[in-house]
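Q: sequence and predicted structure are below.
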Amino acid sequence: MTLRLSKILLVACAGLLGLVTGLGNVLDYGTNFEVVRHVMSMDTTGAGEAMMARAILSDTLHRVAYAAIIAVELAYGGLCLVGAQRLFVALKGGAADFEAAKSMAVAGLTLGVLLYCFGFMIVGGEWLQMWRSAEWNFQQPAFRFLVILAIVLIFLATPEPCDARA
């Protein structure tokens with residue numbers, strides 16, 4: 001029972017992380033929009049001419065990318081919270097019931113991992129050279145979120161002991 005409660009609480013925390021982050025970006029739109037704008041335009045990277053060909057200078061694309069980030073944050077947060085609720089309903093059931101209840105939480109956690117791994121580490125960090133910027137390098141915060149979500153996903157994915165109510 002303790003392991004199951006731990007999984008439920010950690011999934012709920014991951015969900016709250018997504019919702020709070022997404023809502024924070026909606027309520028304080030300008031602050032993190034500037035991050036997206038500078039990262040996509042590569043204007044503070046000091047990258048050479050060959051790298052600057054990757055820069056995206058369109059304000060419309062900056063806003064679309066930021067809206068997508070917010071949407072994914074809210075989506076993974078919501079999926080995780082619904083997943084935590086489904087896990088809670090299956091808390092006292094058999095191993096198969098608890099396993100079956102994991103799908104929404106797994107989907108939410110996976111979506112969050114993809115956002116921070118693909119969106120921030122691969123696209124922002126490497127393709128757009130975010131790591132070169134002294135002021136707009138947000139790889140460390142993204143990496144922290146990525147690691148938290150990945151650890152919760154791995155923990156949640158561990159199989160339940162057969163018909164033991166862990």
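A: The structure has been received and is ready for your questions. Note that the coordinates shown come from a computational prediction; the quantities given were computed from them, not determined experimentally.
Q: next one: residue 54 from residue 93, what distance?
A: Using Cβ to Cβ, to the nearest Å, residue 54 is found at 50 Å from residue 93. Glycine gets a C-beta too; all of them are placed from N, C-alpha and C.
Q: pull the helix or strand with minimum mean pLDDT from this protein.
A: Considering only helices and strands, the least confidently modelled element of the chain by mean pLDDT, DSSP states H and E is helix 49-52, at a mean of 89.
Q: may I have it as CSV, with CA atoms only?
A: What follows is helix 49-52 as a C-alpha-only set of coordinates in CSV (Å, rounded to 0.1, in the frame of the first residue of the first chain):
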residue,chain,number,x,y,z
GLU,A,49,27.2,32.6,-39.3
ALA,A,50,26.7,28.9,-40.1
MET,A,51,24.8,28.4,-36.8
MET,A,52,22.8,31.6,-37.2
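Q: name the nearest residue to the spatially most central residue of the chain, sequence neighbours excluded.
A: The chain has residue 112 as the residue nearest its centroid, 2.6 Å off, counting by Cα atoms, centre = their mean. Here the nearest residue to residue 112 in space, its sequence neighbours aside, is residue 76; by Cβ to Cβ, 6 or more residues apart in numbering that works out to 3.9 Å.
Q: equivalent analysis for residue 160, please.
A: Using Cβ to Cβ, 6+ apart, the closest residue to residue 160 is residue 95 (3.9 Å).
Q: ditto for residue 73
A: residue 22 (3.4 Å).
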